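S.K.: this one's structure only:
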């Protein structure tokens with residue numbers, strides 16, 4: 001079992017006022033929240049939303065984002081201040097397990113679905129920002145048809161004319177008082193959106209980046225089959241279907257592995 005003295009995994013403090021029933025540890029100086037099921041994360045998120053009166057942030061962490069944070073101070077600060085940090089990447093889970101932490105992969109797309117269902121059950125409004133206008137519309141239609149009672153209060157594509165337009169979209173979204181805001185803008189753009197506009201959400205709202213989830217829900221991108229996901233090989237499926245990702249994803253993954261092994 002890991003301890004606070006382990007070189008790779010250590011205890012990690014939560015932001016003040018965000019105590020929930022999850023095990024929080026640190027990996028290479030960044031927090032990661034551990035639980036056995038997605039439902040546990042969903043329950044924790046709902047607890048935070050009922051206890052807070054300000055916007056909260058969720059990060060789905062993987063080796064690529066972690067290594068980018070090493071070169072990007074604002075992103076590192078954003079991850080460390082997040083109320084929830086999910087172990088999304090298989091490489092992250094490997095590193096945690098190697099140090100003795102009981103980590104399971106928690107894909108952001110599945111957590112987002114869990115939260116959409118939880119919001120629908122509580123009649124909480126939600127918002128979707130990201131992807132193309134067509135994909136965003138298709139994703140909204142699919143979610144409305146598959147999640148009974150879902151209240152999609154606001155939706156907008158991920159294409160902004162300029163910084164002023166982006167700020168206007170964030171303000172318009174905040175005026176609908178959504179409890180959940182899903183941002184399909186890709187990393188780190190979705191994280192930058194949260195950092196820049198979180199203060200516009202004056203009521204409790206969970207802001208979360210979901211990468212290409214809208215494309216999957218809209219049916220324009222096919223997710224890896226379950227047997228590949230069970231083998232922790234969803235990343236290989238993505239690289240095979242989108243080979244342009246290789247140049248972006250493989251170098252930081254190799255750097256991450258070397259960092260973990262050296263530590």
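M.R.: Right, received. Where do you want to start? Note that the structure is predicted; figures quoted are calculated from it, not measured. Numbers count the residues shown, from 1 in each chain.
S.K.: need the contact list for residue 222.
M.R.: 216, 241 (C-beta atoms under 8 Å, 6 or more residues apart in numbering). From N, CA and C alone the C-beta is placed, and that goes for glycine too.
S.K.: which outside residues touch stretch 65-85?
M.R.: Contacts to stretch 65-85, defined as C-beta under 8 Å, 6+ apart, come from residues 14-15, 18, 22, 24, 27-28, 30-33, 41, 44-45, 48, 56-59, 61, 89, 92, 187-188, 191-192, 194-195, 206, 252-253, 255-256, 259.
S.K.: for this structure, what's the longest helix?
M.R.: helix 245-262 (DSSP state H).
S.K.: Can you tell me the SS state at residue 168?
M.R.: Following DSSP: H, G, I helix; E, B strand; the rest coil, we place residue 168 in the helix state.
S.K.: Next one: it from residue 91, what distance?
M.R.: Residue 168 sits 38 Å away from residue 91, going by C-beta to C-beta, to the nearest Å.
S.K.: what do you get for residue 24?
M.R.: From residue 24 to residue 91 the distance is 19 Å (C-beta to C-beta).
S.K.: swap in residue 199?
M.R.: 33 Å.
S.K.: Check residue 119 too.
M.R.: For residue 119, the distance to residue 91 (C-beta to C-beta) stands at 30 Å.
S.K.: Against which helices or strands is the longest helix of the chain packed?
M.R.: Counting contacts by 3 or more C-beta pairs under 8 Å, 6 or more residues apart in numbering; DSSP states H and E, helix 245-262 packs against helix 63-70, helix 90-98, helix 234-241.
S.K.: now the ones you listed as TSV including mean pLDDT?
M.R.: Output for these, formatted as TSV (pLDDT from 0 to 100):
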stretch	mean pLDDT
helix 63-70	95
helix 90-98	94
helix 234-241	69
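S.K.: among those helices, which is nearest residue 176?
M.R.: Taking C-beta to C-beta, helix 63-70 is the member of these nearest to residue 176, at 28.2 Å.
S.K.: and the longest helix of the chain, what's its mean pLDDT?
M.R.: Taken as a whole, helix 245-262 carries a mean pLDDT of 83.
S.K.: ok and it relative to helix 63-70, angle-wise?
M.R.: Interaxial angle, helix 245-262 versus helix 63-70 (axes from the mean of the first three to the mean of the last three C-alpha atoms, to 10 degrees): 70 degrees.
S.K.: mind listing what's buried in helix 245-262?
M.R.: The neighbour-count check on helix 245-262 (16 or more other C-beta atoms under 10 Å) flags 249, 252, 253, 256, 259, 260 as buried.
S.K.: Would you mind telling me which of residue 24 and residue 91 has the busier surroundings?
M.R.: Neighbours per residue (other C-beta atoms under 10 Å) separate residue 24 from residue 91, with residue 91 holding more: 22 against 17.
S.K.: Quick check: closest non-adjacent residue to the more buried one.
M.R.: Spatially, and ignoring its direct neighbours in sequence, residue 91 is nearest to residue 63 (4.1 Å; C-beta to C-beta, 6 or more residues apart in numbering).
S.K.: can you give me the strands for the protein?
M.R.: For the chain, applying DSSP state E gives strands covering 9-11, 23-27, 30-34, 55-61, 84-87, 125-130, 151-156, 180-184, 205-209.
S.K.: helices and strands around the longest one, which ones?
M.R.: What that stands for is strand 55-61. Secondary elements touching strand 55-61 (3+ C-beta pairs under 8 Å, 6+ apart): helix 38-51, helix 73-81, strand 84-87, helix 108-122, strand 205-209.
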